[in-house]
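Participant: Show me the folded form of this:
(one chain, ligands or ions: 1)
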Amino acid sequence: MRIDVVSIFPEYLAPLELSLIGKARQDGLLDLHVHDLRDFTTDKHRSVDDTPYGGGAGMVMKAEPWAQALASVAEARGVQDSKPVLIVPSPAGERFNQALAYELAEEDQLVFACGRYEGIDERVIEWAEEHFTVRPVSLGDYVLNGGEVAVLAMVEAIGRLLPGVVGNPESLVEESHSDGLLEYPVYTKPASWRDRDVPAVLLSGNHGKIAQWRRHEQYRRTAERRPDLLESLDAGTLPRADRTV
Ligand SMILES: COc1cccc(COC(=O)c2cn[nH]c2)c1
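Facilitator: Okay, here's the model as predicted:
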(Lines give C-alpha, C1' and ligand atoms only; values in the text may rest on other atoms or scores of the structure.)
Protein backbone atom coordinates (compact mmCIF):
# COMPACT_ATOMS: atom_id res chain seq x y z
CA MET A 1 0.00 0.00 0.00
CA ARG A 2 1.05 3.55 -0.74
CA ILE A 3 0.15 6.28 1.73
CA ASP A 4 0.67 9.99 1.09
CA VAL A 5 0.18 12.61 3.79
CA VAL A 6 0.02 16.34 3.06
CA SER A 7 0.53 18.70 6.01
CA ILE A 8 1.98 22.10 6.96
CA PHE A 9 3.67 20.28 9.84
CA PRO A 10 5.31 17.23 8.17
CA GLU A 11 7.49 16.71 11.24
CA TYR A 12 4.28 15.87 13.14
CA LEU A 13 4.26 12.57 11.21
CA ALA A 14 7.77 11.57 12.34
CA PRO A 15 6.39 8.93 14.78
CA LEU A 16 5.39 6.91 11.70
CA GLU A 17 9.09 6.13 11.29
CA LEU A 18 9.05 4.23 14.59
CA SER A 19 7.99 0.79 15.78
CA LEU A 20 5.64 -1.41 13.74
CA ILE A 21 4.80 1.13 11.06
CA GLY A 22 8.45 2.14 10.74
CA LYS A 23 9.43 -1.50 10.31
CA ALA A 24 6.65 -2.08 7.78
CA ARG A 25 8.11 0.81 5.76
CA GLN A 26 11.62 -0.66 5.97
CA ASP A 27 10.25 -4.07 4.94
CA GLY A 28 8.53 -2.50 1.93
CA LEU A 29 5.06 -3.46 3.21
CA LEU A 30 4.03 0.19 3.39
CA ASP A 31 5.22 2.96 1.05
CA LEU A 32 4.61 6.17 3.03
CA HIS A 33 5.39 9.68 1.78
CA VAL A 34 4.89 12.91 3.74
CA HIS A 35 4.58 16.18 1.80
CA ASP A 36 4.82 19.78 3.05
CA LEU A 37 1.85 21.76 1.74
CA ARG A 38 3.99 24.90 1.67
CA ASP A 39 6.13 23.31 -1.06
CA PHE A 40 3.09 23.78 -3.32
CA THR A 41 2.72 27.52 -2.74
CA THR A 42 4.09 30.10 -5.18
CA ASP A 43 4.18 33.33 -3.17
CA LYS A 44 7.18 34.64 -1.26
CA HIS A 45 5.50 34.02 2.11
CA ARG A 46 4.46 30.48 1.14
CA SER A 47 1.01 31.34 2.50
CA VAL A 48 -1.56 28.56 2.91
CA ASP A 49 -4.46 30.38 4.59
CA ASP A 50 -6.58 33.51 4.41
CA THR A 51 -9.61 35.12 6.08
CA PRO A 52 -13.00 33.42 5.75
CA TYR A 53 -15.64 34.75 3.34
CA GLY A 54 -18.74 35.59 5.33
CA GLY A 55 -16.61 36.70 8.27
CA GLY A 56 -16.01 34.85 11.52
CA ALA A 57 -12.93 34.12 13.59
CA GLY A 58 -9.94 32.14 12.42
CA MET A 59 -8.49 31.43 8.99
CA VAL A 60 -9.36 29.06 6.14
CA MET A 61 -6.82 27.03 4.15
CA LYS A 62 -6.52 28.30 0.57
CA ALA A 63 -7.63 26.04 -2.28
CA GLU A 64 -4.76 26.42 -4.78
CA PRO A 65 -1.90 24.96 -2.70
CA TRP A 66 -4.09 21.97 -1.89
CA ALA A 67 -5.03 21.40 -5.53
CA GLN A 68 -1.35 21.57 -6.53
CA ALA A 69 -0.31 19.19 -3.75
CA LEU A 70 -3.10 16.66 -4.34
CA ALA A 71 -2.64 16.69 -8.12
CA SER A 72 1.07 16.02 -7.61
CA VAL A 73 0.33 13.11 -5.28
CA ALA A 74 -2.26 11.61 -7.62
CA GLU A 75 0.31 11.72 -10.47
CA ALA A 76 3.00 10.17 -8.27
CA ARG A 77 1.05 6.95 -8.31
CA GLY A 78 0.77 6.87 -12.07
CA VAL A 79 -2.29 5.70 -13.96
CA GLN A 80 -4.29 3.14 -12.04
CA ASP A 81 -7.66 1.54 -12.53
CA SER A 82 -9.21 2.83 -9.28
CA LYS A 83 -9.10 6.36 -7.89
CA PRO A 84 -7.06 6.76 -4.70
CA VAL A 85 -9.00 7.48 -1.53
CA LEU A 86 -8.53 11.00 -0.12
CA ILE A 87 -9.16 10.99 3.61
CA VAL A 88 -9.73 14.37 5.22
CA PRO A 89 -9.62 14.09 9.03
CA SER A 90 -12.37 16.41 10.22
CA PRO A 91 -14.81 16.85 13.11
CA ALA A 92 -17.46 16.84 10.35
CA GLY A 93 -16.55 13.43 8.98
CA GLU A 94 -17.93 9.91 9.07
CA ARG A 95 -16.85 8.08 12.22
CA PHE A 96 -13.59 6.10 12.00
CA ASN A 97 -13.85 2.59 13.45
CA GLN A 98 -12.34 -0.86 13.06
CA ALA A 99 -14.70 -1.73 10.21
CA LEU A 100 -13.53 1.35 8.26
CA ALA A 101 -9.90 0.52 9.12
CA TYR A 102 -10.37 -2.93 7.53
CA GLU A 103 -12.07 -1.39 4.50
CA LEU A 104 -9.32 1.21 3.95
CA ALA A 105 -6.58 -1.41 4.46
CA GLU A 106 -7.68 -2.98 1.17
CA GLU A 107 -7.00 0.17 -0.88
CA ASP A 108 -3.92 0.51 -3.13
CA GLN A 109 -3.35 4.13 -2.16
CA LEU A 110 -4.57 6.36 0.66
CA VAL A 111 -3.98 10.12 0.65
CA PHE A 112 -4.46 12.06 3.90
CA ALA A 113 -5.06 15.83 3.80
CA CYS A 114 -4.28 17.40 7.18
CA GLY A 115 -6.50 20.43 7.63
CA ARG A 116 -5.76 23.16 10.15
CA TYR A 117 -7.27 26.45 11.28
CA GLU A 118 -11.04 26.49 10.58
CA GLY A 119 -10.70 24.02 7.74
CA ILE A 120 -9.98 23.76 4.02
CA ASP A 121 -11.84 25.80 1.34
CA GLU A 122 -14.80 23.55 0.49
CA ARG A 123 -14.10 23.89 -3.25
CA VAL A 124 -11.01 21.70 -2.78
CA ILE A 125 -13.24 18.84 -1.65
CA GLU A 126 -15.50 19.37 -4.70
CA TRP A 127 -12.51 19.61 -7.07
CA ALA A 128 -10.85 16.54 -5.53
CA GLU A 129 -13.84 14.33 -6.36
CA GLU A 130 -12.54 14.22 -9.98
CA HIS A 131 -9.24 12.63 -8.95
CA PHE A 132 -10.09 10.85 -5.67
CA THR A 133 -12.80 9.12 -3.73
CA VAL A 134 -13.08 11.79 -1.03
CA ARG A 135 -13.92 10.73 2.54
CA PRO A 136 -14.04 13.22 5.43
CA VAL A 137 -13.37 11.05 8.51
CA SER A 138 -13.74 11.87 12.20
CA LEU A 139 -11.87 10.16 15.04
CA GLY A 140 -14.47 11.34 17.49
CA ASP A 141 -16.72 14.19 18.53
CA TYR A 142 -14.05 16.65 19.57
CA VAL A 143 -11.90 19.24 17.79
CA LEU A 144 -8.15 18.98 17.31
CA ASN A 145 -5.97 21.82 16.02
CA GLY A 146 -5.19 19.84 12.91
CA GLY A 147 -5.57 16.52 11.17
CA GLU A 148 -2.06 15.24 11.89
CA VAL A 149 -2.87 13.53 15.19
CA ALA A 150 -5.86 11.83 13.56
CA VAL A 151 -3.63 10.65 10.70
CA LEU A 152 -1.15 9.09 13.15
CA ALA A 153 -4.00 7.12 14.71
CA MET A 154 -5.59 6.05 11.42
CA VAL A 155 -2.29 5.05 9.75
CA GLU A 156 -1.47 2.89 12.77
CA ALA A 157 -4.96 1.31 12.88
CA ILE A 158 -4.90 0.61 9.12
CA GLY A 159 -1.19 -0.24 8.77
CA ARG A 160 -1.30 -2.96 11.44
CA LEU A 161 -3.96 -4.81 9.43
CA LEU A 162 -1.70 -5.14 6.37
CA PRO A 163 -0.31 -8.66 5.83
CA GLY A 164 3.07 -9.13 7.50
CA VAL A 165 2.98 -6.01 9.65
CA VAL A 166 2.11 -7.62 12.98
CA GLY A 167 4.19 -10.71 13.83
CA ASN A 168 1.29 -12.95 14.69
CA PRO A 169 -1.93 -12.23 12.71
CA GLU A 170 -3.75 -14.28 15.35
CA SER A 171 -3.36 -11.29 17.69
CA LEU A 172 -5.62 -9.29 15.38
CA VAL A 173 -8.45 -11.72 15.82
CA GLU A 174 -9.04 -11.47 19.56
CA GLU A 175 -8.89 -7.76 20.16
CA SER A 176 -11.44 -5.10 20.92
CA HIS A 177 -13.88 -4.46 18.10
CA SER A 178 -12.61 -7.30 15.90
CA ASP A 179 -15.81 -9.17 16.71
CA GLY A 180 -17.94 -6.17 17.61
CA LEU A 181 -17.26 -6.51 21.33
CA LEU A 182 -14.66 -5.11 23.75
CA GLU A 183 -11.81 -7.44 24.59
CA TYR A 184 -11.73 -9.61 27.71
CA PRO A 185 -9.34 -8.77 30.61
CA VAL A 186 -5.82 -10.20 30.33
CA TYR A 187 -3.37 -11.38 33.01
CA THR A 188 0.22 -12.58 33.22
CA LYS A 189 2.66 -13.79 35.93
CA PRO A 190 2.68 -13.74 38.91
CA ALA A 191 -0.55 -15.68 39.61
CA SER A 192 -0.93 -13.70 42.85
CA TRP A 193 0.06 -10.05 42.96
CA ARG A 194 -0.43 -7.77 45.97
CA ASP A 195 -3.11 -10.19 47.27
CA ARG A 196 -4.94 -10.12 43.93
CA ASP A 197 -5.24 -13.49 42.18
CA VAL A 198 -5.66 -14.30 38.51
CA PRO A 199 -9.18 -15.77 37.91
CA ALA A 200 -8.82 -19.49 38.68
CA VAL A 201 -10.43 -20.57 35.39
CA LEU A 202 -7.43 -19.16 33.50
CA LEU A 203 -5.10 -21.49 35.42
CA SER A 204 -7.38 -24.51 34.94
CA GLY A 205 -6.11 -25.61 31.53
CA ASN A 206 -9.75 -26.21 30.57
CA HIS A 207 -9.79 -24.40 27.21
CA GLY A 208 -13.53 -24.71 26.76
CA LYS A 209 -14.23 -23.08 30.11
CA ILE A 210 -11.57 -20.43 29.44
CA ALA A 211 -13.14 -19.52 26.10
CA GLN A 212 -16.57 -19.40 27.76
CA TRP A 213 -15.28 -17.17 30.57
CA ARG A 214 -13.60 -14.82 28.08
CA ARG A 215 -16.72 -14.51 25.94
CA HIS A 216 -18.77 -13.74 29.03
CA GLU A 217 -16.27 -11.08 30.08
CA GLN A 218 -16.46 -9.52 26.62
CA TYR A 219 -20.24 -9.21 26.87
CA ARG A 220 -20.11 -8.00 30.48
CA ARG A 221 -17.55 -5.30 29.68
CA THR A 222 -19.30 -4.21 26.49
CA ALA A 223 -22.66 -3.94 28.28
CA GLU A 224 -21.01 -1.92 31.06
CA ARG A 225 -18.83 0.43 28.98
CA ARG A 226 -20.25 0.48 25.44
CA PRO A 227 -23.91 -0.63 25.39
CA ASP A 228 -24.16 1.10 21.99
CA LEU A 229 -21.96 -1.65 20.52
CA LEU A 230 -24.42 -4.29 21.68
CA GLU A 231 -27.14 -2.54 19.69
CA SER A 232 -25.09 -2.61 16.45
CA LEU A 233 -24.25 -6.22 17.26
CA ASP A 234 -27.97 -6.99 17.26
CA ALA A 235 -28.33 -4.99 14.04
CA GLY A 236 -25.74 -7.28 12.47
CA THR A 237 -23.44 -4.42 11.45
CA LEU A 238 -20.34 -6.24 12.67
CA PRO A 239 -16.91 -4.98 11.56
CA ARG A 240 -14.78 -7.27 9.35
CA ALA A 241 -13.37 -9.70 11.95
CA ASP A 242 -10.60 -12.29 12.29
CA ARG A 243 -8.49 -11.69 9.23
CA THR A 244 -5.83 -9.39 7.85
CA VAL A 245 -6.61 -8.05 4.40
C1 LIG B 1 -10.49 19.65 7.78
O2 LIG B 1 -10.70 20.75 8.63
C3 LIG B 1 -10.31 20.64 9.95
C4 LIG B 1 -10.56 21.73 10.78
C5 LIG B 1 -10.16 21.69 12.12
C6 LIG B 1 -9.51 20.58 12.61
C7 LIG B 1 -9.28 19.50 11.79
C8 LIG B 1 -8.58 18.31 12.35
O9 LIG B 1 -9.44 17.22 12.56
C10 LIG B 1 -10.12 17.16 13.79
O11 LIG B 1 -10.14 18.09 14.54
C12 LIG B 1 -10.80 15.89 14.10
C13 LIG B 1 -10.70 14.72 13.39
N14 LIG B 1 -11.46 13.82 14.02
N15 LIG B 1 -12.07 14.38 15.09
C16 LIG B 1 -11.66 15.66 15.15
C17 LIG B 1 -9.67 19.52 10.45
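Participant: Pull the residues that contact the longest strand belonging to the chain.
Facilitator: The residue-count maximum for a strand in the chain (DSSP state E) belongs to strand 85-95. With contact meaning C-beta atoms under 8 Å, 6 or more residues apart in numbering, strand 85-95 is reached by 70, 100, 104, 107, 109-115, 119-120, 125, 128, 131-144, 147, 150-151, 154. Any C-beta I mention is one placed from the backbone N, CA and C, and that applies to glycine too.
Participant: buried sites along it?
Facilitator: Neighbour counts over strand 85-95 (16 or more other C-beta atoms under 10 Å) mark Val85, Leu86, Ile87, Val88, Pro89, Ser90, Gly93 as buried.
Participant: Could you do stretch 222-235 as well?
Facilitator: If you call a residue buried by 16+ other C-beta under 10 Å, then stretch 222-235 has these buried ones: Thr222, Leu229.
Participant: Quick one: mean pLDDT for that stretch?
Facilitator: The pLDDT scores in stretch 222-235 average 89.
Participant: Okay, helices next: where are they in the protein?
Facilitator: For the chain, the helices defined by DSSP state H cover 19-26, 63-76, 98-104, 122-128, 148-159, 170-173, 207-225, 227-234.
Participant: The buried residues of strand 85-95 into TSV, with extra columns for distance to Arg46 and pLDDT?
Facilitator: Formatted as TSV, the buried residues of strand 85-95 follow (distance: C-beta to C-beta, whole Å; pLDDT from 0 to 100):
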residue	distance to Arg46	pLDDT
Val85	28	97
Leu86	23	98
Ile87	24	98
Val88	22	98
Pro89	22	98
Ser90	24	97
Gly93	27	96
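Participant: Could you figure out how far the longest strand of the chain is turned away from helix 63-76?
Facilitator: Computed with axes from the mean of the first three to the mean of the last three C-alpha atoms, to 10 degrees, the direction of strand 85-95 lies at 120 degrees from that of helix 63-76.
Participant: Return the angle between stretch directions for strand 85-95 and helix 148-159.
Facilitator: Going by the same axes, to 10 degrees, strand 85-95 makes 100 degrees with helix 148-159.
Participant: so which of the buried residues of strand 85-95 are also by the ligand?
Facilitator: Restricting the buried residues of strand 85-95 to those near the ligand by C-beta under 6 Å from any ligand atom leaves Val88, Pro89, Ser90.
Participant: Which of those residues sits closest to Asp197?
Facilitator: Checking those against Asp197 with C-beta to C-beta, the nearest one is Pro89 at 43.7 Å.
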